[in-house]
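Q: sequence and predicted structure, then a few things I'm wondering about:
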Amino acid sequence: MTDLSLAAAPHAFTLSDFDFSLPPELIAQHPAAERSASRLLDGRAQQPVDRIFRDLPGLLREGDLLVFNDTRVVKARVFGEKASGGKLELLIERVLTGNEVVAHMKVSKKPLPGSTVHLAGGRQAGGFDATLLSRWPTEDGPLFRFALHGPAGESPWELMERHGHLPLPPYIERQQNADHDPDEAEDSERYQTVFARAPGAVAAPTAALHFDDGVLAGLAARGIERASVTLHVGAGTFQPVKTENLAEHQMHSEWYEVPLATLAALERCRQRGGRVVAVGTTTVRTLESWARSGQTTGDTDIFITPGFAFQVVDLLITNFHLPKSTLMMLVSAFAGYAHAMGLYRHAIAQQYRFFSYGDAMLLERTPGG
């Protein structure tokens, strides 16, 4: 486990370099009372500065461009049972064509292809059924392809909205699938950005959760332009890397889109000498995937680790991430390993709140990054 007090960066990075000890009480279970009342660790300079998120407009410059991920979290977690009565849970990761979806499946014994499972009580009880078609994306893939069967005409989106639950991260403790979850109303509002537009994510782009109307108005008043991309965050974002050799890690794939209006905004920003400020690691992955591939839409499994050559993003707003995660590696690549670890040490000492409902930090790309 990495000692966060060590400042020297190792020559060759392994998984252990991105591990650290986090007091469990620092894992935020609920959002701050107000979105912009979260703390903001300003990590642009060598010495960190403790701020409040609503300070952000004053930290940026006229001519800068903020790029958000406008994905919308869907109620993708659905509970049900097999024909035998055994309980199961689906986390619908992607909607395909027609009534087909791709999902993670949590069940004691997996049903065989061709089997039908009953979700939210099953079609006969007002819910819907699902037929297991195959594994996905290959015959031994990690996900499962289902055909959903609900009332005539109801799409998978409508079935999820009516019967599903918001797929909160595993470290946020909730009573999902209980008769009454006392936190459901709060989560439905706060685990969604104020500008969420395109449905398809199973996790929120959490750095954007801190923005509210006041902060957005402050940014506009300072002449800071806004643009958006879409990346539908998948459940793989929470998966820790398990191979000590980072080159052996199989990165999860997510769908993204960079609109033409955003490409134009990026060009205007460069022409006027502004800086591109990415809100969240998902925005970084989207923009840098586009820069590398030239593709404005598609799937990306880009894996950003120290040594990565960034082409688009100058500043990053991000939350604090899980040990041994790909997001820790991305942040270390962007801000520099030693600096990033120093910021995490400071955050723990100052009792910042971690992960999805936690606080944020502002980072500047390290020279050469």
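A: Good, I have the coordinates. Numbering: from 1, shown residues only.
Q: for stretch 287-295, what is the average pLDDT?
A: Summarised as a single mean, pLDDT over stretch 287-295 is 98.
Q: that stretch: which residues count as buried?
A: 287-290 (16 or more other C-beta atoms under 10 Å). From N, CA and C alone the C-beta is placed, and that goes for glycine too.
Q: same question for stretch 42-49.
A: So for stretch 42-49, counting by 16+ other C-beta under 10 Å, buried means 42-44, 48.
Q: may I have that stretch as PDB, with CA atoms only?
A: Taking Å, rounded to 0.1, in the frame of the first residue of the first chain, the C-alpha atoms of stretch 42-49 are listed here in PDB:
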ATOM      1  CA  ASP A  42      -7.600  23.900  -5.200                       C
ATOM      2  CA  GLY A  43      -4.600  21.800  -6.300                       C
ATOM      3  CA  ARG A  44      -3.300  23.900  -9.100                       C
ATOM      4  CA  ALA A  45      -0.200  25.200  -7.200                       C
ATOM      5  CA  GLN A  46       2.300  23.200  -5.300                       C
ATOM      6  CA  GLN A  47       0.600  24.100  -2.000                       C
ATOM      7  CA  PRO A  48      -3.000  23.100  -1.800                       C
ATOM      8  CA  VAL A  49      -5.700  25.700  -0.900                       C
END
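Q: which helix or strand in this structure has the lowest average pLDDT?
A: Least confident helix or strand of the chain, by mean pLDDT, DSSP states H and E, is helix 184-190 with a mean of 91.
Q: please compute how far that helix lies from its chain's middle.
A: Helix 184-190 has its C-alpha centroid displaced from the chain centroid by 17 Å (C-alpha atoms, centre = their mean, to the nearest Å).
Q: buried ones in it, by neighbour count?
A: Neighbour counts over helix 184-190 (16+ other C-beta under 10 Å) mark 187, 190 as buried.
Q: same check on stretch 264-278?
A: For stretch 264-278, the buried set under the neighbour-count rule, 16+ other C-beta under 10 Å, comprises 265-266, 269, 274-278.
Q: ditto for stretch 155-172
A: Residues of stretch 155-172 classed as buried: 156-157, 159-160, 163-169, 172 (neighbour count, 16+ other C-beta under 10 Å).
Q: residues touching it, excluding its own?
A: 27, 29, 73-79, 91-92, 95, 99-101, 119-120, 127-128, 148, 150, 154, 174, 176-177, 184, 187-188, 191, 199, 202-203, 235, 238, 322, 355-357 (C-beta atoms under 8 Å, 6 or more residues apart in numbering).
Q: just the strands in the stretch 51-200 of the chain please.
A: Secondary structure of the stretch 51-200 of the chain by DSSP state E, counting those that start in this stretch: the strands cover 65-69, 71-73, 77-81, 87-95, 100-107, 116-119, 128-136, 143-149, 198-201.
Q: return the most buried member of those strands.
A: strand 65-69 (a mean of 27; mean count of other C-beta atoms under 10 Å).
Q: quick one: it to chain centroid distance?
A: With C-alpha atoms, centre = their mean as the basis, strand 65-69 stands 15 Å off its chain's centre.
Q: relative to that strand, what are the paired strands and their orientations?
A: Under the criterion DSSP bridges, strand 65-69 sits next to strand 225-231 (parallel), strand 276-279 (parallel) in its sheet.
Q: turn those strands into JSON lines, columns for distance to residue 345 and mean pLDDT.
A: Below are the strands paired with strand 65-69 laid out as JSON lines (distance: least, C-beta to C-beta, whole Å; pLDDT from 0 to 100):
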{"stretch": "strand 225-231", "distance to residue 345": "30", "mean pLDDT": "98"}
{"stretch": "strand 276-279", "distance to residue 345": "24", "mean pLDDT": "98"}
